[in-house]
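> Mind folding the following:
(one chain, ligands or ions: 1)
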Amino acid sequence: MTKRSYFTTPIYYANGRPHIGHAYCSVLTDTFRRYHALFGYETHFLTGTDEHGQKVQKSAENAGVSPAEYVDKMSQAFRDLLPDLHVENDDFIRTTEPRHTEIVREALQSLYDKGDIYQNQYEGWYSERAERFWTEKDLVDQKCPETGGPVERVSEKNYFFRMSKYQPQLIEHLEKNRDWIVPASRWQEVRSFLENPLLDLSISRPKSRLSWGIPLPFDEDFVTYVWFDALLNYCSGIGLYRDDQRFQTWWPHANHFLGKDILTTHSVYWGTMLLALDLPLPKRLVTTGMWLIDNTKMSKSLGNVVDPLSLGDKYGAEVLRYFLMRDIVIGLDASFSEEAVVRRNNSDLANDLGNLLRRTITLVERGFDSKIPAPGPSGDEDAELEQLINAVPRVVEEHIMSHRLHDAIEQTMQVVRAMNRYIDHTAPFKVVKEDPARAGETLRHILEGLHVVANLLHPIMPEKMNELLSNLGCAGPVKTAQELHYGMLEAGTPIKAGPPLFPRLEFEAPPESEAPPKKAEKKAKPTPKPDPGDGMASFDDFLKLQLVTATIVTAEPIEGAEKLLKLTVDAGEESTRTVVAGIAKSYAPDDLPGTSIVLLANLQPRKIFGVLSQGMVLLAESDNRMVFVQPAEALPTGAKIR
Ligand code: MSP
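Predicted coordinates:
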């Protein structure tokens, strides 16, 4: 039976240019696609851009162009990045294309017809500036808690999808398919989320507020909520309602790759939508972590966004691909830095792999007329290496099928390191003088190993590995890993040294003025030892700080920022302040109103995750818990601390 895999990336918001996080998603999905092909699967790979909604409409307005013009440009930037990163997608879908919008409207109509979409009146406090509704208890002094601006009572018609109706079925699916979401910790997270009753999902936005969207087929005064529209790309892109054969070929084998920030939409919204549409759920949701810069999320306001194109230009697309696949564990966060890219290149690629190749080829050129030497009888050490080389394709396959990419790479690189030890130990460079045949056998072992390794790293670095294979006299990679084994090279085949495959790189720190704000420096001195030198604070320095007592009025999570809460605090001033604090892992928002705190009131305001933070809450850290610093007795708000 044909083995098949259908791979998707999230479709990228066309409201800005691609950054390294997007590049990671695309390269990771491409790498898995290539590995599956190597392990004998037929594959299909879809990516694209998510082009509707408020964010896009707003970015277009800011740029002074129409949304249509804006998304054309942004979508192209995402499309162009793919070949630059050696990503080979089969299709690229845009949610503004008729092949998608028509399907969304058909899906909506079918849900409406079966009663799974209903109309309801929604009432709440609408803030024009924040473009969203608040409940009564969210308001601060009857004002918008986010912007401090006015709010108006709005009663609005909206359409809701009966998400709640499908909750039991979704739970059943989760229970029966413990590997539906990987890693397992994310499965658990979704399972826990479903312990609470689901609300129905508002899937419409009145055109008066948002015009840039797909009109509802049963009420043209509304456009579709952007997530309801976007998620359907995974099906519209393979022919849902248009080409049943194509759809049936790929849909049962769908592997969605997505970031942990969009797991709820993919598991709960998408899961219930598919159940309502009588479609099977995707085979797997592979949830990835985030690349952080100096342990902080990338954001335009912090000025730390990393551009994958310029990095690719600087270090080479394939070195970047290797780094992105090697230095993170799927599902976990990791720190991105150019220094780490350089370090990884120099250790794994230049030293371990590149040097081994160069040494081996040079010896074959000198001692064996540039021809692959004949194999010979194996001693213990040779047999051990041969065994390792023969075993590694299966080991890698097992890791890949279990989404342990870092282990797959590590196991492959262990073979490279074993070969380095082997060449040092068997010393063909010396032996060649007294016993050329034996030296030839040794080199043959290494060439066989390099051949297997090149094929196994091919999904990560296709062009570099093609080069390596061509150095070994091979026309290209094997068709499937099934045929990959020790002994595939033919004695007498001419081999050739090309230019160094992975030149060593030097890391040049950017000039201070160009460097993004360095949190790493703060990290480097966590111990509170007084620095007898320049690190001492003068009394005047201390006097500059306005520390006051304050009380928390409201607390709420910040979308996309796991560790942060947005607080409004009363510091004894005319109006409250908004402060962002890294306490989400230590305190639940509902427990916070009324809590006394100490506030650094004259810290320069700073935008964090789109929220302007006007001060800093003092916290003590212990065992990864953040604990408020509080006055020992209850004091009025605004009391000075000296
Ligand atoms: N448009 C939605 C997805 C709709 S899919 C039906 C979206 N787009 S996005 O452009 O904001 O994000 C796309 C992907 O990039 C997400 O999986 C997100 O997790 C990922 N990343 C964004 N920043 C990232 C990092 N810093 N690191 C790793 N991945 C990151 O969400």
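
> quick one: the residue of the stretch 451-600 of the chain found nearest the ligand from residue 196, how far?
Proximity of the stretch 451-600 of the chain to the ligand (Cβ to the nearest ligand atom) peaks at residue 560, 8.7 Å away. Yep, even glycine has a C-beta here, placed from its N, CA and C like the rest. Distance, residue 560 to residue 196, by Cβ to Cβ, to the nearest Å: 21 Å.

> now the nearest residue to the residue of the stretch 451-600 of the chain closest to the ligand once chain neighbours are set aside: how far from the ligand?
Ranked by Cβ to Cβ, 6 or more residues apart in numbering and with sequence neighbours excluded, the top spatial neighbour of residue 560 is residue 261, at 5.4 Å. According to Cβ to the nearest ligand atom, to the nearest Å, residue 261 and the ligand sit 5 Å apart.

> which intervals of the stretch 501-642 of the chain have sub-threshold pLDDT?
510-535, 538, 540, 574-575, 623 (pLDDT under 70).

> If we use 80, what do you get?
Applying pLDDT under 80 to the stretch 501-642 of the chain picks out residues 508-541, 543-544, 572-576, 593, 622-625, 633-637.

> That one: helices as residue ranges?
519-524, 539-544 (DSSP state H, counting those that start in this stretch).

> could you say what helices and strands the last one packs with?
Applying 3 or more Cβ pairs under 8 Å, 6 or more residues apart in numbering; DSSP states H and E, one finds that helix 539-544 contacts no other helix or strand.

> still on that earlier bit, so which of residue 560 and residue 196 has more stuff around it?
Between residue 560 and residue 196, counted using other Cβ atoms under 10 Å, residue 560 has the larger neighbour count: 14 against 8.

> isn't that one right up against residue 262?
No. Counting by Cβ atoms under 8 Å, residue 262 is not a contact partner of residue 560; they are 9.4 Å apart.

> In the protein, what residue lies closest to the ligand?
Counting by Cβ to the nearest ligand atom, the chain gets nearest the ligand through residue 259, at 1.7 Å.

> Could you check how far the spatially closest residue to residue 338 that is not a sequence neighbour is from residue 305?
The spatially closest residue to residue 338, leaving aside those adjacent along the chain, is residue 507, at 6.4 Å (Cβ to Cβ, 6+ apart). Noted for residue 507: a distance of 20 Å to residue 305, by Cβ to Cβ.

> more neighbours, those two?
residue 305 (17 against 13).

> Model confidence for that one, exactly?
For residue 305, the pLDDT comes out at 88.

> Might you report the residue contacts of it?
The neighbours of residue 305, taking Cβ atoms under 8 Å, 6 or more residues apart in numbering as the test, are 19, 20, 298, 299.

> mind running it again at 10 Å?
16, 17, 18, 19, 20, 21, 293, 298, 299, 516 (Cβ atoms under 10 Å, 6 or more residues apart in numbering).

> ok, how many other residues are close to the first one?
The reference is to residue 16. 15.

> in stretch 163-172, what's buried?
163, 166, 167, 170, 171 (16 or more other Cβ atoms under 10 Å).

> so where's the stretch 301-450 of the chain uncertain?
Checking the stretch 301-450 of the chain against pLDDT under 80 turns up 301-302, 378.

> And the helices in it, which stretches?
308-315, 317-326, 338-344, 355-367, 380-401, 405-426, 428-434, 436-457.

> what does the stretch 1-150 of the chain give?
Under DSSP H, counting those that start in this stretch, the stretch 1-150 of the chain gives helices at 20-38, 54-63, 67-84, 98-113.

> Of the ones you listed, flag the one that's most buried.
Comparing these by mean neighbour count (mean count of other Cβ atoms under 10 Å), helix 20-38 comes out on top with a mean of 23.

> Bridge partners for the residue of the chain closest to the ligand, pull those for me.
Judged by DSSP bridges, the bridge partners of residue 259 are residue 288.

> Is it in contact with residue 13, as I believe?
No. Counting by Cβ atoms under 10 Å, residue 259 does not reach residue 13; the two are 12.0 Å apart.

> Give me the common contacts of these two.
residue 22.

> picking that back up, what sits against the residue nearest to residue 338?
337, 338, 339, 340, 341, 342, 343, 345, 346.

> Give the buried subset of the residues you listed as a ChimeraX selection command.
Only the buried entries of the contacts of residue 507 go into this ChimeraX selection, using 16+ other Cβ under 10 Å:
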select :337,338,341,342,345,346
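
> re earlier: can you pull the phi/psi pair for the residue nearest to residue 338?
When read as degrees, to the nearest 10, the backbone of residue 507 gives phi -90, psi 130.

> strands paired with whichever strand or helix holds residue 159, and their directions?
According to DSSP states H and E, residue 159 maps onto strand 152-161. Strands that pair with strand 152-161, judged by DSSP bridges, come out as strand 117-127 (antiparallel), strand 201-202 (antiparallel).

> Out of the ones you listed, which one sits most buried?
Most buried among those, given mean count of other Cβ under 10 Å as the contact rule, is strand 201-202, at a mean of 18.

> can you tell me the average pLDDT over it?
Here the average pLDDT along strand 201-202 is 90.

> Which helix or strand lies directly C-terminal to that strand?
As assigned by DSSP H and E, the chain's next helix or strand after strand 201-202 is strand 204-206.

> That next one packs against which elements?
If you count contacts as 3 or more Cβ pairs under 10 Å, 6 or more residues apart in numbering; DSSP states H and E, strand 204-206 packs onto strand 117-127, strand 152-161, strand 215-216, strand 219-224.

> Just the CA atoms of the first one, as CSV, please.
Just to be clear, that refers to strand 117-127. C-alpha atoms of strand 117-127 as CSV (Å, rounded to 0.1, in the frame of the first residue of the first chain):
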residue,chain,number,x,y,z
ILE,A,117,-24.4,28.3,13.0
TYR,A,118,-26.9,30.6,14.7
GLN,A,119,-27.5,34.3,15.1
ASN,A,120,-27.4,35.9,18.5
GLN,A,121,-27.3,39.3,20.0
TYR,A,122,-23.9,40.2,21.6
GLU,A,123,-23.8,43.0,24.1
GLY,A,124,-20.7,44.5,25.6
TRP,A,125,-18.5,47.6,26.0
TYR,A,126,-16.8,48.4,22.8
SER,A,127,-13.5,50.3,22.7
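
> by how many degrees do it and strand 219-224 diverge?
70 degrees (axes from the mean of the first three to the mean of the last three Cα atoms, to 10 degrees).

> How about the second one?
Compare the direction of strand 152-161 with that of strand 219-224 by the same axes, to 10 degrees and you get 90 degrees.

> how about strand 152-161 as PDB, C-alpha atoms only?
The C-alpha coordinates for strand 152-161 follow below in PDB (Å, rounded to 0.1, in the frame of the first residue of the first chain):
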ATOM      1  CA  GLU A 152     -19.600  52.600  24.400                       C
ATOM      2  CA  ARG A 153     -22.300  50.100  25.100                       C
ATOM      3  CA  VAL A 154     -22.900  48.200  21.900                       C
ATOM      4  CA  SER A 155     -25.400  45.600  21.200                       C
ATOM      5  CA  GLU A 156     -24.600  43.800  18.100                       C
ATOM      6  CA  LYS A 157     -25.900  40.900  16.000                       C
ATOM      7  CA  ASN A 158     -23.300  38.100  15.500                       C
ATOM      8  CA  TYR A 159     -23.200  34.600  14.200                       C
ATOM      9  CA  PHE A 160     -22.000  31.800  16.400                       C
ATOM     10  CA  PHE A 161     -20.700  28.300  15.600                       C
END
